[in-house]
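sharing a model that was predicted from the sequence below.
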Amino acid sequence: MTGGQRAFRTLSSLALLLSFLLLSACAHHNPLAKWERSPNFDTRRPVVVVLHYTAGKTAEGSLRTLQTANSNGPVSAHYLLGKDGTLYQLVDEDKRAWHAGDGRWGTITDLNSASIGIEIDNDGYTPFPDVQIEKLIVLLDDVTRRQGIPREQVIGHEDLAPGRKIDPGPLFPWKRLHDAGFGIWPDPAAGDPPPEFDGWLAMAAIGYPLDDRANALQSFRHHFRGMRSQGAELDAEDLRILYGLSRPLLRSPAVPAAVPANTP
């Protein structure tokens, strides 16, 4: 065999190997079924953005955790935002990052599969720097526009998992985010709710799970009042906020509309 023949055989073998690897990487059909490809599909797309705080001391330490594991096992997020505005991407947006865990928002029960997760470098006790929030707003504008995520569908980790999580916490500037066009905030012109207004029904219509009302109320007050609370009773200010939040969802001044299914 000549040198040219050996080179040709080597190249042919490499081409066959490459073809096999490519086919193996792309083939995900069930071997039990006859493959009849349909062109009628697309990739899953996220419909929610979930904000977290890292509860760590540095972005570098949080990066190590998000790339390895913590005491409860592997965790990740699509993005990590440092205190100085440095933005890191850890997972492709079309992939499922492990950031939300158990929880529910409205009709969505698998938040990891339906969301983009953003970790914000913060210990939970310190105000968020301006440069960090400014970069977050830029990121939210980019992600929601490209992915077609409704801009109001930006929530906190504690909103979907009351009692289990408390991030991004009472110090997070939700009103500032809303002023930039993200998340929800009560309509200041809504006024006081009518006597028949059901605050808990409104809270459920917004998206909060009510399996534990005390914890749901705590998450709600962190988000909209920046305060910690005890107990499970809605006060007058809670009702005013809920009325201002739920007015767009109401069929009438007293009846919250059904929450539409919003799954990927």
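Great, that's in hand.

assign the residue positioned nearest the centre of the chain to helix, strand or coil.
For the chain, the residue nearest the mean C-alpha position is Val50 (2.3 Å; C-alpha atoms, centre = their mean). Of the three states, Val50 takes strand under DSSP: H, G, I helix; E, B strand; the rest coil.

look up how far Asp212 lies from it.
Distance, Val50 to Asp212, by C-beta to C-beta, to the nearest Å: 19 Å. The C-beta positions use only the backbone N, C-alpha and C, and glycine is treated the same way.

Pro195 too?
Counting by C-beta to C-beta - Pro195 and Asp212 are separated by 27 Å.

more neighbours, these two?
In this view Pro195 and Asp212 are compared by other C-beta atoms under 10 Å, and Asp212 has more residues nearby, 14 against 6.

give me the domain ranges for this structure.
As given by automatic domain parsing, the domain ranges for the chain are 48-179, 199-256.

what would the ones you listed look like in CSV with mean pLDDT?
Output for the domains of the chain, formatted as CSV (pLDDT from 0 to 100):
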stretch, mean pLDDT
domain 48-179, 94
domain 199-256, 87
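
could you dump those domains to TSV with distance to Pro186?
TSV is the format used below for the domains of the chain (distance: least, C-beta to C-beta, whole Å):
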stretch	distance to Pro186
domain 48-179	9
domain 199-256	3
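
looking at those domains, which is nearest to Asp187?
Proximity to Asp187, assessed across those by C-beta to C-beta, is greatest for domain 199-256 (4.4 Å).

circling back to that earlier point, relative to Trp35, which of the domains of the chain is closest?
domain 48-179 (23.0 Å).

can you give me the end-to-end span of the closest one?
Taking C-alpha to C-alpha, to the nearest Å, the first and last residues of domain 48-179 lie 19 Å apart.

what do you get for stretch 180-191?
OK, stretch 180-191 end separation, C-alpha to C-alpha: 23 Å.

same deal with stretch 90-102?
End residues of stretch 90-102 are separated by 21 Å (C-alpha to C-alpha).

so for it, what gets flagged as buried?
Across stretch 90-102, burial judged by 16 or more other C-beta atoms under 10 Å covers 90-91, 96-97, 99-100.

could you find the closest non-adjacent residue to Ile166?
Spatial nearest neighbour of Ile166, chain neighbours left out: Glu158 (5.0 Å); criterion: C-beta to C-beta, 6 or more residues apart in numbering.
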